[in-house]
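In: what shape does this take:
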Amino acid sequence: MNKITEEFDRETDGRAARWEAHRTARHEELLKLARKAVHELGPQVSMEDIAGHAHTSKPVYYRYFGDKEGLRQALSAMVINDFRERVIAAGLAKEDEISALHAMVSSYLGLADNSPNLYFFVTSAPRSADDESAGALNTFFEEASSLMSERLLKLYDQRATAATLDLWPRAALGMVRAAGEQWLSQPPGANKPSLQSLATELTNWLAYGIASTRTPTTR
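Out: Model prediction:
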């Protein structure tokens with residue numbers, strides 16, 4: 001009896017593991033299909049449009065994500081984690097401080113510009129305390145702020161106060177996001193800066209705008 005029971009338990013556990021693996025794979029597949037649908041159809045896309053674009057039905061998406069808000073949270077977490085990995089990697093790949101800041105800004109703007117529809121789908125909705133993507137966003141901000149603080153500290157040495165360096169990265173991230181979103185919303189034309197020119201301008205603000213907080217010396 002014990003041997004039969006053990007074999008039955010192993011078989012049951014194996015089926016459960018395979019089913020869980022299937023659900024995980026299907027969950028990731030549906031997220032990728034939803035990401036493509038938002039990219040192509042726009043940030044106001046409906047669940048029906050997403051399901052149709054994925055060649056499946058709305059009940060399938062409801063089964064895995066609950067509702068459109070659940071899908072938005074899961075997709076937001078995926079996109080934010082992608083931003084975090086790429087932006088941080090861009091900053092770490094550069095040795096000098098200005099190049100690191102420029103690489104981070106360029107990476108962020110480039111990812112947003114690659115799919116404005118997806119970017120605004122992720123960022124347009126307010127986040128509640130239990131939002132699945134809130135943790136991913138906080139991790140992104142913490143890692144980006146830490147890296148920026150480290151770079152700015154090397155850049156300014158003792159010329160900026162510790163309090164300034166603690167506050168500036170979060171403020172700077174907000175500035176980059178606000179400027180980037182306004183830039184994304186601008187129609188193409190002669191007055192719209194290129195990605196690289198905007199990245200250079202923002203980098204200059206990040207690197208040198210903080211210098212104005214120093215107490216001026218008197219002669």
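In: drop to CA atoms for contacts and neighbour counts, all remaining ones
Out: Will do.
In: now do the contacts for the closest residue to P116 other than its chain neighbours.
Out: Spatial nearest neighbour of P116, excluding adjacent residues (CA to CA, 6 or more residues apart in numbering): L184 at 6.8 Å. Taking CA atoms under 8 Å, 6 or more residues apart in numbering, we find L184 in contact with 112-113, 116.
In: between the residues you listed, which is closest to N81?
Out: Nearest to N81 out of the contacts of L184 is A112 (CA to CA; 13.3 Å).
In: the closest one: neighbouring residues, count only.
Out: 19 (other CA atoms under 10 Å).
In: what helix or strand does the closest residue to it other than its chain neighbours sit in?
Out: Nearest non-adjacent residue to A112, counting by CA to CA, 6+ apart: Y119, 5.7 Å away. Assigned by DSSP states H and E, Y119 falls within helix 116-123.
In: got the buried residues for that helix?
Out: By neighbour count on 16 or more other CA atoms under 10 Å, the buried set for helix 116-123 is 116-122.
In: check stretch 133-149 too.
Out: Neighbour counts over stretch 133-149 (16+ other CA under 10 Å) mark 133-134, 136-137, 140-141, 143-149 as buried.
In: between the residues you listed, which is nearest K58?
Out: Lowest distance from K58 to the buried residues of stretch 133-149 (CA to CA) belongs to S133, with 22.1 Å.
In: isn't that closest one right up against N81?
Out: No: S133 is beyond contact range of N81, at 9.0 Å (criterion: CA atoms under 8 Å).
In: list the contacts for A90?
Out: Here A90 is in contact with 100, 103-104, 107 (CA under 8 Å, 6+ apart).
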